[in-house]
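Asks: Give the three-dimensional model of this entry:
(one chain, ligands or ions: 3)
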Amino acid sequence: MITLHAAEAPLWQAQVPLKVLWVRQGKLSPQGEALDIRLEGLLRRAWEGAGLKGESGESLLLATPEGHFLLVAADGYARQAGGRLAQLLGRYAFLEALVEPLEDGYALAEGLWLGAYRFLRYKGQPGERPLALHLLGVEEGVLERARKVAEGVYFARDLVNEPPNVLTPEALAEAALALRPLGVEVEVLDEEAIAALGMGAFLAVAQGSANPPRFIQLRYRPEGARGRLDLVGKGLTFDSGGYSLKPTEGMAAMKGDMAGAAAVLGAFKAAALLGLPVELWGYIAACENLISGRAYRVGDVLKTLSGKTVEVMNTDAEGRLTLADALAYAERQGAERILELSTLTGAAVVALGEEVAALFATEAAWGERVRQAAQRAGEKVWPMPLEAAYREKLKSPVADLKNVGDRSGGAITAALFLAEFVRVPLVHLDIAGPAFAKKAHALGPEGGTGFGVRTILEVAQDL
Ligand code: BES
Ligand code: MN
Ligand code: ZN
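Replies: Ligands and ions are numbered 1, 2, ... in the order given. The predicted structure follows:
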């Protein structure tokens with residue numbers, strides 16, 4: 001648990017057990033240099049003597065007559081430097097530290113928050129030590145904003161990290177309902193209501209599980225809002241693959257197949273805390289993809305909400321079926337443009353690796369806005385083509401569409417499938433890679449990353 005506070009006292013005066021100094025391109029800051037003069041060059045000698053070259057992540061803890069110092073290399077991004085520092089401090093026993101500024105104080109604060117995240121709910125160990133960080137040269141309001149954004153990211157990460165026996169579709173709906181006190185309107189539809197609406201594709205995916213599906217609709221409508229953004233998130237609380245069963249190794253990460261939904265919920269939480277002056281509408285089709293005597297089959301033909309029929313050629317291509325109905329529903333609710341996030345395909349991970357999300361846009365201008373927003377947020381996305389020539393891969397002999405193409409271009413055919421269900425501009429972010437970290441990284445531990453929350457907030461802020 002960390003807390004961040006704005007600090008003003010000059011570096012050398014502050015009474016704290018630890019002072020964090022940044023080393024950039026092998027050099028201390030002007031304030032650090034001034035302090036080192038008082039220490040007769042001890043800091044510089046120690047840094048150079050340790051053979052540190054100033055590559056990001058390197059650090060050195062020193063006890064001096066002027067107190068303890070942590071020298072940390074910070075070449076690169078302030079957000080990453082903050083994230084690494086938070087994780088580094090987690091290994092020491094200090095309860096308080098002073099941190100000197102980096103150019104981008106907001107990104108530093110955000111990084112500190114994100115790096116400090118831990119998921120300890122199921123660990124039988126004592127809780128975390130509190131750590132108070134005093135940031136020089138950063139205003140209280142900036143720290144406040146970073147904390148609210150981080151709360152949204154934490155919310156998303158927690159949801160992804162929750163095991164699938166706990167985070168059922170009903171539990172995901174409960175998590176959404178918990179946002180009501182913040183001023184978010186939340187409506188939850190049960191199986192009967194979902195059937196009455198005619199969401200035949202969503203229901204088919206859900207029908208193999210004893211845990212019933214939930215359709216979650218959210219609205220955040222502040223007074224005097226200057227625009228509206230509609231968000232759709234894939235909400236598979238577990239994806240076994242169904243009868244097109246996944247191998248065990250591939251299945252372990254599938255508790256995170258609701259990361260798109262988690263990003264949407266996290267963004268709602270942060271937007272409400274921040275009081276963003278824009279309307280957000282959110283839609284989550286939450287269910288599990290399991291096997292049973294009631295499960296859907298390969299060969300089934302489904303009737304979607306849009307009226308189009310789909311022949312199921314692979315029950316593991318379930319996300320696009322649930323999303324087809326959620327997207328059509330969003331459009332019915334008057335969406336003018338949609339941003340949709342989903343852990344949709346392994347093919348997107350093959351194409352772009354674990355850190356970069358694939359961005360598909362049915363309208364170039366909308367795609368470019370989301371791309372730039374992601375860049376500002378420090379979340380990596382890369383545009384991919386909605387290649388019309390591949391549409392024929394989705395032709396079915398018996399229905400309007402089938403739910404898979406062939407082996408090649410899997411992320412693209414999945415995106416093309418989604419695009420069949422909306423007319424308004426759609427951006428689809430395939431976050432199968434970056435939603436879940438296999439190991440600790442600059443901005444957090446292994447597990448759910450909350451990818452997408454910050455991009456959504458940047459898009460919303462820019463409306
Ligand atoms: N949830 C998976 C995609 C996924 C894979 C997410 C790896 C995160 C990491 C999705 O439902 C799926 O199974 N997609 C299939 C599609 C295929 C059957 C056309 C895939 O990618 O293998
Ligand atoms: Mn699947
Ligand atoms: Zn899936």
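
Asks: how close does the closest residue to ligand 2 within the chain sit to V205?
Replies: Nearest residue of the chain to ligand 2, counting by CB to the ion: D316, 3.8 Å away. (Glycine included, C-beta is placed from N, CA and C.) Distance, D316 to V205, using CB to CB, to the nearest Å: 10 Å.

Asks: just for the stretch 51-200 of the chain, where's the confidence low?
Replies: The model of the stretch 51-200 of the chain has no residue with pLDDT under 70.

Asks: Indicate the residue of it located nearest to ligand 1.
Replies: Taking CB to the nearest ligand atom, ligand 1 has its nearest neighbour within the stretch 51-200 of the chain at V160, 11.1 Å off.

Asks: Can you name the residues bridging to the residue nearest to that residue when sequence neighbours are not counted?
Replies: Spatial nearest neighbour of V160, excluding adjacent residues (CB to CB, 6 or more residues apart in numbering): G448 at 2.7 Å. Beta-bridge partners for G448, by DSSP bridges, are F436.

Asks: just checking, E420 touches A324?
Replies: Yes - counting by CB atoms under 8 Å, A324 is a contact partner of E420 at 7.4 Å.

Asks: Return every residue with contacts to both of these two.
Replies: Residues touching both E420 and A324 (CB atoms under 8 Å, 6 or more residues apart in numbering): S306, K308.

Asks: neighbour-wise, which of these two wins?
Replies: Neighbour totals were compared for E420 and A324, and A324 leads with 28 against 18 (other CB atoms under 10 Å).

Asks: hmm, the host helix or strand of the more buried one touching ligand 3?
Replies: According to DSSP states H and E, A324 maps onto helix 319-332. Yes - on the criterion CB under 5 Å from the ion, helix 319-332 is in touch with ligand 3 at G319.

Asks: Off-centre distance for the helix or strand just after that helix?
Replies: Later in the chain than helix 319-332, the nearest helix or strand by DSSP H and E is strand 338-342. Put simply, strand 338-342 sits 12 Å off its chain's centre (CA atoms, centre = their mean, to the nearest Å).

Asks: How is V20 assigned, secondary-structure-wise?
Replies: strand (DSSP: H, G, I helix; E, B strand; the rest coil).

Asks: and it, how many neighbours?
Replies: 25.

Asks: show me the contacts for it.
Replies: V20 neighbours (CB under 8 Å, 6+ apart): F69, L70, V72, L85, A97, L98, V99, E100.

Asks: same deal with E318?
Replies: V205, L236, D239, G242, N289.

Asks: Let's see that with 6 Å instead.
Replies: Neighbour list for E318: V205, N289 [criterion: CB atoms under 6 Å, 6 or more residues apart in numbering].

Asks: hang on, T413 packs against G405?
Replies: Yes - between T413 and G405 there is a contact under CB atoms under 6 Å: 3.5 Å.

Asks: okay, and the common contacts of the two?
Replies: In contact with both T413 and G405: K393, using CB under 6 Å, 6+ apart.

Asks: Those two: who's more crowded?
Replies: When T413 and G405 are compared for neighbours, T413 comes out ahead with 25 against 22, by other CB under 10 Å.

Asks: That one in helix, strand or coil?
Replies: helix.

Asks: for V404, same thing?
Replies: On the basis of three-state DSSP, V404 is classed as coil.

Asks: could you give me the average pLDDT of stretch 231-246?
Replies: Averaging pLDDT along stretch 231-246 gives 98.
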